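> coordinates only, no sequence provided:
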């Protein structure tokens, strides 16, 4: 009996640690809804945005491209090495300057290199989607791109009121993933774009650690809903939904990530 209790406690502790230390590949620019085009900077740290946590060191990304009015443009040559600082450390990171030409949606897709999470002896690879809109003209935001791991939005990810709801479908190579596990985090520390760091002051105080990384599940059709109680950017990571399950002889979690922005009601 004591042995079983010890195992249960250890399992619970592992689950808590995993939940509290959720990793998110960011593709961040301050405003996902812009009045006009021009050059924007995208910051690309692999980190913990809800608690200003550890910045992980990751190799050069495997893919980075943008979809605009159905056309794909490769951006991998525009990615440059940088650093990112949190309350815990300064780690290596990446960034890219991209010019937005004309109205419409710019769907950025960033596929990071697999990262070895040494504490679990497994690899993580996140395929991240961030949609930036110019001029409130919708074009590509709802398209299924057939990615290995993807969250296809059913709500415009850049046009949600604070207190509104985001709905998406978790897919793998175009097929819905039933009952996918999804972690949710709020960007609680504003990124300082000039100094490549999170600011020190939190925007909200979570009532408990359980609110740092929240977990929800998709339904049988891969669809999920989540209310956004606070203005700002929110990340959704569907865990292990991609077809690739192994990298260099170790288990691989191939995740789908999407970033959305809620706007204040004035």
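Sure thing, it's come through. Values in this document were obtained by computation on a predicted structure and should not be read as measured data.

> and for residue 218, the neighbour number?
22 (other Cβ atoms under 10 Å). Just so you know, the C-beta spots here come from the backbone N, C-alpha and C atoms, and that holds for glycine as well.

> now do the helix or strand containing residue 84: which elements does it pack against?
According to DSSP states H and E, residue 84 maps onto strand 79-85. Under the contact definition 3 or more Cβ pairs under 8 Å, 6 or more residues apart in numbering; DSSP states H and E, strand 79-85 sits against strand 90-100, strand 197-198.

> buried sites along stretch 33-42?
Across stretch 33-42, burial judged by 16 or more other Cβ atoms under 10 Å covers 33, 34, 37, 40, 42.

> verify the assumption that residue 225 is located in a strand.
Yes: counting by DSSP: H, G, I helix; E, B strand; the rest coil, residue 225 is located in a strand.

> so it sits against residue 160, correct?
No: contact criterion Cβ atoms under 8 Å: residue 225 and residue 160 do not qualify, at 11.9 Å.

> more neighbours, the two?
Per other Cβ under 10 Å, whichever of residue 225 and residue 160 has more neighbours is residue 160, with 23 against 13.

> any idea what the more buried one is bridged to?
residue 262 (DSSP bridges).

> if I look at it, how far off is residue 234?
9 Å (Cβ to Cβ, to the nearest Å).

> picking that back up, what's the closest of the helices and strands packed on strand 79-85 to residue 143?
strand 90-100 (17.7 Å; Cβ to Cβ).

> for the closest one, packing partners?
Using 3+ Cβ pairs under 8 Å, 6+ apart, strand 90-100 is in contact with strand 38-43, strand 79-85, strand 104-111.

> so how far is the second one off the chain centroid?
Mean-position distance between strand 79-85 and its chain equals 17 Å (Cα atoms, centre = their mean, to the nearest Å).

> for that strand, buried residues please.
So strand 79-85, judged by 16+ other Cβ under 10 Å, has buried residues 79, 84, 85.

> got the contact list for the second one?
Neighbouring residues of residue 84 by Cβ atoms under 8 Å, 6 or more residues apart in numbering: 43, 45, 47, 55, 90, 91, 92, 93, 196, 197.
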